[in-house]
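Student: just coords:
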C-alpha cells in the first residue's frame with residue numbers, strides 16, 4: 001500500500017456515457033482513491049454529485065458500500081426503505097442491496113462513497 005493525497009478540486013467530474021443516462025441517471029463522480037486515480041490501494045473512494053432533480057437510479061453490486069453525505073440534502077433508498085440524507089449522515093449499504101440516490105433540493109448533493117475493493121472498474125453495477 002502507498003500513501004495518497006488528492007484534492008477534490010484537482011479532478012474532473014465523470015459520468016455515465018450519454019446513451020446510458022436514461023437507465024443509470026445523471027450522477028457524476030470523482031474518484032479520489034482507486035486504480036483510475038493513480039493511488040491504487042485496497043479501497044476505492046470518491047465523491048458522487050447530484051444536482052437538482054438528478055438521481056442515481058436503482059442499482060446493486062456485490063460489494064458493500066458506505067455513503068457519507070458531505071453537503072446538500074436528498075434521499076437514499078435502500079431495499080425500499082427511504083433515508084433522508086444531509087451533511088454528516090452515514091449509510092452502510094450491504095452487498096447486493098438495491099439502492100438509489102435522489103436530489104430534489106436546490107443545492108448539489110455530494111456524497112462520499114467507499115468500496116473495499118482496489119479498482120472501481122471491478123464494481124459491476126446492475127440496473
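Tutor: On my side now, so go ahead. Computed from a prediction, not measured in an experiment: that's the story for all the values here.
Student: so is residue 19 in a helix, a strand, or just coil?
Tutor: Assigned with DSSP: H, G, I helix; E, B strand; the rest coil, residue 19 falls in the helix class.
Student: neighbours around it, how many?
Tutor: By other C-beta atoms under 10 Å, the residues close to residue 19 number 7. The way it works is simple: take the backbone N, C-alpha and C, and place the C-beta from them, glycine included.
Student: any idea how far it lies from residue 47?
Tutor: Using C-beta to C-beta, to the nearest Å, residue 19 is found at 24 Å from residue 47.
Student: just residue 117 next, same as before
Tutor: 17 Å.
Student: How about residue 100?
Tutor: 18 Å.
Student: okay, the two: which has more neighbours?
Tutor: Using other C-beta under 10 Å, the more surrounded residue of residue 100 and residue 47 is residue 47, with 19 against 16.
Student: Tell me the bridge partners for the more buried one.
Tutor: residue 30, residue 112 (DSSP bridges).
Student: Contact partners for it?
Tutor: 8, 29, 30, 32, 70, 110, 111, 112, 113 (C-beta atoms under 8 Å, 6 or more residues apart in numbering).
Student: mind listing what the closest residue to residue 109 other than its chain neighbours touches?
Tutor: The shortest distance from residue 109 to any non-neighbouring residue, by C-beta to C-beta, 6 or more residues apart in numbering, is to residue 72 (3.5 Å). Residues near residue 72 by C-beta under 8 Å, 6+ apart: 50, 86, 87, 103, 105, 107, 108, 109, 110.
Student: mind giving me CSV with those and columns for pLDDT?
Tutor: CSV is the format used below for those (pLDDT from 0 to 100):
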residue, pLDDT
50, 98
86, 97
87, 97
103, 98
105, 95
107, 97
108, 98
109, 98
110, 98
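Student: Of those residues - the most surrounded one?
Tutor: Most neighbours among the contacts of residue 72, by other C-beta under 10 Å: residue 109, with 29 neighbours.
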